[in-house]
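> From the sequence below, what's the structure:
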Amino acid sequence: MGRLDDILKKNKMTEKGVIGIYSLFAQKNIKLLKDLTHFTQKDIDGIGKIKGCIENISLKIASDFYEYLLNIEETAKIINSRPDLLDQLILTQSHYINQLFGIEYDENYFINRVIVGFAHYVYKISPSVYIGSYGYYNTLITDAVIKCCKENGIDSEESVSILNSVQKMLSIDITLAIESYYQKTIDDVYKMEHDSLNRLMVLAEYRDEDTGNHIARMSHFAAVIAKELGMDGVYRENILNSAPMHDIGKVGIPDNILLKPGRLDKDEFEIMKSHTVIGYNILKDSESNTLKEGAAIALSHHENYDGSGYPNGLKGDSIPLSGRITKVADVFDALINKRIYKPAYTLEETLRIMKDEMKPGAAFDPDCFDAFLKGLDEILDIRRRIDEENS
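Model (predicted):
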C-alpha cells in the first residue's frame with residue numbers, strides 16, 4: 001500500500017503505529033468485523049440493488065451532512081477556515097459514499113478511513129462530536145436507502161433487509177475510522193513517552209561525556225541482536241527504547257567512584273554494583289511497558305549466563321531475554337570504545353575478550369552471542385554512523 005505508507009510517514013507514525021494500522025486493515029480483522037456483524041454475501045447482494053440510486057444522490061447526502069456540521073461550533077470552525085474547503089469536503093464525502101456502497105475493501109477504502117480518523121484527531125474533534133455527528137450521517141443514509149428502495153420497486157420486507165445490511169456496513173465503517181483515530185492517539189502518546197525517556201537519559205550524560213553516544217550505540221546494537229534472534233518489529237522497537245535505561249541507576253553512584261580513572265577497589269566496586277538495583281527501583285513502579293522493561297534490563301544486564309553475575313546470581317533463561325541481549329550489546333560497546341577507566345580495544349581484541357575470556361555460555365547467552373556475530377556488520381555500520389553524527 002504505497003499511498004498508505006506515504007500517509008503514515010507524513011503523519012510521523014512510529015513502527016509500532018504502522019503495525020497497528022496495518023493490523024487494523026488486515027484481512028483477518030476485516031473478516032472478524034464481518035463475522036461480528038453477520039455481514040454476508042446476501043447483504044452485499046441486497047445493497048447492490050440500490051447502489052446506482054445512491055450514487056445519483058450521494059452529492060445531496062454529503063451536502064446535507066455538511067450543512068448539519070456547520071451548525072456545530074467545533075466542526076464549523078474547521079469547515080470555515082478556508083473559503084474553498086466546504087465544496088472540497090462535500091465532493092470528497094460524495095465520492096466516499098459511492099465507494100462505501102461499492103463494498104470493495106480495497107486500498108482506497110482503507111486510506112479513506114485512515115484519513116478520516118487522522119483528520120478528526122489532528123483537528124482535535126472530540127470523540128463525542130465525532131460519534132454523535134455520525135449518528136446524523138447514519139440518519140441521512142437511512143433516509144436515502146428507504147428512498148432508493150421505493151424508487152426500485154423493492155417491497156417492504158426486502159427493504160427492511162437491505163436497511164439492516166446497510167447498518168451492518170456502516171458499523172464496520174465507523175469501527176475502522178474510530179480505530180484509526182485511536183491508533184493515531186496512542187501512537188502520539190507513545191512518542192511523547194519516548195521523548196520523556198530520552199530526557200530521562202540526559203541525566204546520565206551530564207556525568208559521563210561518552211554516555212550519550214554509548215546509549216545510542218548499544219541500544220541500536222541490542223535491536224540488531226533482537227532482529228537476528230527472530231524477534232518481531234514491536235519487540236525490537238521496545239528494546240531499542242528500553243535498553244538505554246540499563247545504567248540509569250548510576251545517577252545514584254558518587255562521582256568519585258563513577259568517574260574514577262582506574263580500577264575500582266573492592267568496596268568501590270560493591271557500591272558501583274548497586275546501580276543495577278537503584279535503576280530497577282527508579283523504574284519498576286511505572287505503568288509504562290517500556291519503563292517496566294527498562295527496569296528488568298537495569299536489574300539484569302550484569303547477570304552472567306552461568307549464574308556468576310550480579311546482583312541476584314540469576315542463571316540461563318531465568319535472566320530476562322532483554323537483559324541477556326543488552327549485556328552483549330553493552331559489553332561490546334564498552335570494550336571497543338575508550339572509557340574513563342580503559343583505552344579503546346581493537347575489534348579483534350574486543351571479539352577475542354568476548355569469545356575467549358568472558359565466553360558464550362559463561363558471561364553470555366550463546367544464542368544472543370551468535371545473533372550478535374550474525375549482525376556484526378550491521379552493528380559496525382551503526383557504530384560508524386552514530387560516531388560520525390556526533391563527532
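> quick one, domains of the chain?
The record assigns the chain these domain ranges, following automatic domain parsing: 2-189, 206-389.
> Out of those, which one sits most buried?
Compared across those, domain 206-389 shows the largest average neighbour count, a mean of 18 (mean count of other C-beta atoms under 10 Å). (Each C-beta comes from the backbone N, C-alpha and C, glycine too.)
> what's the helix or strand containing Asp45 packed up against?
According to DSSP states H and E, Asp45 maps onto helix 41-48. Under the contact criterion of 3 or more C-beta pairs under 8 Å, 6 or more residues apart in numbering; DSSP states H and E, helix 41-48 touches helix 156-205.
> Which helix or strand lies directly C-terminal to the helix it packs on?
Next along the chain from helix 156-205, counting by DSSP H and E, comes helix 211-228.
> got the angle between that next one and helix 156-205?
Between the axes of helix 211-228 and helix 156-205, defined by axes from the mean of the first three to the mean of the last three C-alpha atoms, to 10 degrees, the angle is 140 degrees.
> what distance separates helix 211-228 from the middle of the whole chain?
Here helix 211-228 is found 18 Å from its chain centre; the criterion is C-alpha atoms, centre = their mean, to the nearest Å.
> So what touches that helix?
The contact list for helix 211-228, computed with C-beta atoms under 8 Å, 6 or more residues apart in numbering, reads 201-202, 204-205, 235-237, 239-241, 243-244, 246-247, 322, 325-326, 328-330, 332-334, 337, 368, 370-372, 374-375, 378-379, 382-383, 386-387, 390.
> ok, now stretch 272-286?
Outside stretch 272-286, the residues touching it (C-beta under 8 Å, 6+ apart) are 245-253, 257-258, 264, 291-292, 294-296, 298-302, 310-311.
> average model confidence for the helix or strand encompassing Asn98?
Asn98 is located in helix 85-102, with elements delineated by DSSP H and E. Averaged across helix 85-102, the pLDDT comes to 92.
> Check which helices and strands that helix sits against.
Using 3+ C-beta pairs under 8 Å, 6+ apart: helix 85-102 touches helix 51-69, helix 73-79, helix 107-122, helix 156-205.
> residues in contact with it?
For helix 85-102, using C-beta under 8 Å, 6+ apart, the contacting residues are 47, 50-51, 54-55, 58-59, 61-63, 65-66, 70, 78-80, 108-109, 112, 141, 169, 173.
> For this structure, give me the ranges with low pLDDT.
1, 201-212, 391 (pLDDT under 70).
> Can I get the helices and strands packed on helix 85-102 in a markdown table including distance to Lys16?
Formatted as a markdown table, the helices and strands packed on helix 85-102 follow (distance: least, C-beta to C-beta, whole Å):
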| stretch | distance to Lys16 |
| --- | --- |
| helix 51-69 | 33 |
| helix 73-79 | 29 |
| helix 107-122 | 16 |
| helix 156-205 | 6 |
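> which one of the ones you listed lies closest to Lys10?
Closest approach to Lys10 among the helices and strands packed on helix 85-102 is made by helix 107-122 (9.5 Å; C-beta to C-beta).
> Figure out how far that closest one is from the centre of its chain.
Worked out by C-alpha atoms, centre = their mean, helix 107-122 lies 18 Å from the chain centre.
> who does Pro360 bridge with?
Pro360 has the following beta-bridge partners by DSSP bridges: Phe364.
> if I pick it, what's in contact with it?
Pro360 sits in contact with Tyr305, Pro366, Phe369, Asp370, where contact means C-beta under 8 Å, 6+ apart.
> The first one and Ala363, how far apart?
From Tyr305 over to Ala363 the distance is 6 Å, taken as C-beta to C-beta, to the nearest Å.
> Ok, the third one next?
Separation of Phe369 from Ala363 (C-beta to C-beta) stands at 9 Å.
> Mutual contacts of those two, please.
Met354.
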